[in-house]
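# Sequence first, predicted coordinates after that:
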Amino acid sequence: MDYGQRLTVHREVLIDVSSVDYEDINGFYIRSGAGNIKYCAVGNEDSEAVTKTVEAQVYFVDPVLCRKIFKVGTTATGIYIGY
């Protein structure tokens, strides 16, 4: 990869994980309101989930390509995924 290039989000979707996990094996980026987000990166098993405490984000700033956001362990609201 040419590190001079920047990745661009071409599609942005508001999701709701209040009642069910969100998963897309093709991968996506996350931005949200403040709170905790429990997720798995592409290539990680569910047992390798990570929980991050995030501040409200206007832009997609975290470079982790995710495959799943868990309902249990996620308290952040206003979660957008980007492709």
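Right, received. Where do you want to start?
# Would you confirm that residue 69 contacts residue 31?
No: proximity of residue 69 to residue 31 does not meet the contact threshold set by Cβ atoms under 8 Å, at 11.8 Å. For the C-beta atoms, the positions are set from N, CA and C on the backbone; glycine is no exception.
# Settle it for me: which of these two has more neighbours?
Applying other Cβ atoms under 10 Å to residue 69 and residue 31 shows that residue 69 carries more neighbours, namely 24 against 21.
# give the contact list for that one.
Residue 69 makes contacts with 15, 17, 21-23, 30, 37-39, 79, 81, as judged by Cβ atoms under 8 Å, 6 or more residues apart in numbering.
# returning to what we had before: shared neighbours, residue 69 and residue 31?
Common neighbours of residue 69 and residue 31, using Cβ under 8 Å, 6+ apart, are residue 79.
# where along the chain do the strands fall?
Using DSSP state E, the strands of the chain run over 12-15, 22-31, 35-41, 50-54, 66-69, 79-82.
# re the thing from before, the contacts of residue 69, buried ones only, as a PyMOL selection?
If you want just the buried ones from the contacts of residue 69 in PyMOL, going by 16 or more other Cβ atoms under 10 Å, the selection is:
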select buried, resi 15+17+22+30+37+38+39+79+81
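# Model confidence for residue 9, exactly?
Per-residue confidence (pLDDT) for residue 9: 91.
# The residue nearest to residue 17 when sequence neighbours are not counted: how many residues sit nearby?
Counting by Cβ to Cβ, 6 or more residues apart in numbering, residue 17 lies nearest to residue 71, which is 4.8 Å off, once chain neighbours are set aside. Burial measure for residue 71: 13 neighbouring residues, criterion other Cβ under 10 Å.
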